[in-house]
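K.L.:
A structural model of the following input is requested.
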Amino acid sequence: MSRRYGISVSLMIFFLFCLLPVKVNAQLDKGLLVGWNGSDWDYHPAWSSKDLFEPKNGFCAGGYLGGKVAGHLGWRGEILYTRKGAVMKAMGTDENGEPMGEIRFFHNVDYLEIPFLFSLTIPTGGAVRPVFYLGPAVDFELSAKTHAEYPSGVQNDFNADETLTTSKSTDFSLIFGGGIDIDAGGKVISLQVRYVMGTQEVYLTAKNKTLSVMAGFGI
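P.N.:
The predicted model follows:
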């Protein structure tokens with residue numbers, strides 16, 4: 001485990017540890033988050049008319065603290081472990097040039113993502129309230145690996161994870177999102193969809209594009 005990875009994971013564990021036992025001011029909300037990522041890299045090389053990469057599945061999990069700013073406006077700080085990246089596909093051939101099937105290269109980049117979001121809650125008078133989110137985030141790379149999947153019957157040493165060299169280890173993102181908060185006996189369950197738009201060229205000249213579907217649980 002690299003020193004950077006260890007420090008980042010330690011910070012996340014410390015944050016989540018603080019969420020659980022400590023009683024904070026009643027004006028603050030705290031909770032846990034878990035979700036699914038659909039991530040992609042937008043990259044069109046000069047030698048191809050098509051995008052080199054395709055979307056891949058990932059995951060995210062972490063915690064949050066939040067409070068009110070004024071009226072129905074609020075703020076929320078989060079710390080998340082999130083997996084991003086993309087898939088590259090190629091046609092495999094044998095020594096005679098005959099096609100053997102499609103090879104898929106999964107580029108998995110794990111980040112410690114720290115968003116700071118502003119929220120707008122729409123009052124409804126009931127237990128279900130629409131909520132909208134907007135704000136920046138900073139992402140610190142924890143690890144970057146490539147995993148290859150070959151057609152059935154084809155063996156290759158590259159099936160093991162290989163280190164992926166990225167262009168930048170830090171990304172800065174803008175988050176747009178929305179969803180609903182559900183009041184469940186004083187605790188809030190939240191369901192939301194967010195788009196995380198990276199601004200840095202993290203691999204070649206490609207930038208992170210991530211669609212996340214998340215559930216939050218107040219504690």
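K.L.:
CA atoms for contacts and neighbours, from now on please.
P.N.:
OK.
K.L.:
quick one: buried residues of stretch 28-43?
P.N.:
29-43 (16 or more other Cα atoms under 10 Å).
K.L.:
For these, name the two members farthest from one another.
P.N.:
Spatially, the most separated pair among the buried residues of stretch 28-43 is D29 and Y43, at 39.3 Å (Cα to Cα).
K.L.:
Please name the residues that touch V69.
P.N.:
Neighbouring residues of V69 by Cα atoms under 8 Å, 6 or more residues apart in numbering: W75.
K.L.:
would you say it is within a strand?
P.N.:
Yes: judged by DSSP: H, G, I helix; E, B strand; the rest coil, V69 forms part of a strand.
K.L.:
can you tell me how far it sits from R76?
P.N.:
10 Å (Cα to Cα, to the nearest Å).
K.L.:
got a list of what the residue nearest the centre of the chain touches?
P.N.:
In the chain, the centroid-proximal residue (Cα atoms, centre = their mean) is T82; its distance is 3.8 Å. Neighbouring residues of T82 by Cα under 8 Å, 6+ apart: N37, G58, F59, C60, A61, D110, Y111, L112, E113.
K.L.:
Turn those into CSV, columns for pLDDT and secondary structure.
P.N.:
Converted to CSV, the contacts of T82 look like this (pLDDT from 0 to 100; DSSP: H, G, I helix; E, B strand; the rest coil):
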residue, pLDDT, secondary structure
N37, 96, strand
G58, 96, strand
F59, 95, strand
C60, 97, strand
A61, 97, strand
D110, 97, strand
Y111, 97, strand
L112, 96, strand
E113, 97, strand
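K.L.:
Out of those, flag the one nearest to G126.
P.N.:
Ranked by distance to G126 (Cα to Cα), the contacts of T82 are led by A61 at 28.3 Å.
K.L.:
What's the separation between the nearest residue to that closest one once chain neighbours are set aside and P55?
P.N.:
Nearest residue to A61 in three dimensions, chain neighbours excluded: V34, at 4.2 Å (Cα to Cα, 6 or more residues apart in numbering). In this view, V34 and P55 are 20 Å apart by Cα to Cα.
K.L.:
and the gap between A86 and D42?
P.N.:
As judged by Cα to Cα, A86 and D42 stand 9 Å apart.
K.L.:
swap that for G63, sorry
P.N.:
Going from G63 to D42 by Cα to Cα gives 29 Å.
K.L.:
Which other helices and strands does the helix or strand harbouring L33 contact?
P.N.:
For L33, the element it lies in under DSSP states H and E is strand 29-41. With contacts taken as 3 or more Cα pairs under 8 Å, 6 or more residues apart in numbering; DSSP states H and E, strand 29-41 sits against strand 56-70, strand 73-93, strand 206-218.
K.L.:
Out of the ones you listed, flag the one nearest T124.
P.N.:
Per Cα to Cα, nearest to T124 of the helices and strands packed on strand 29-41: strand 73-93, 14.8 Å.
K.L.:
Report the buried residues of the closest one.
P.N.:
Buried residues in strand 73-93, counting neighbours by 16+ other Cα under 10 Å, are found at 73-88, 92.
K.L.:
With that, I have no additional questions.
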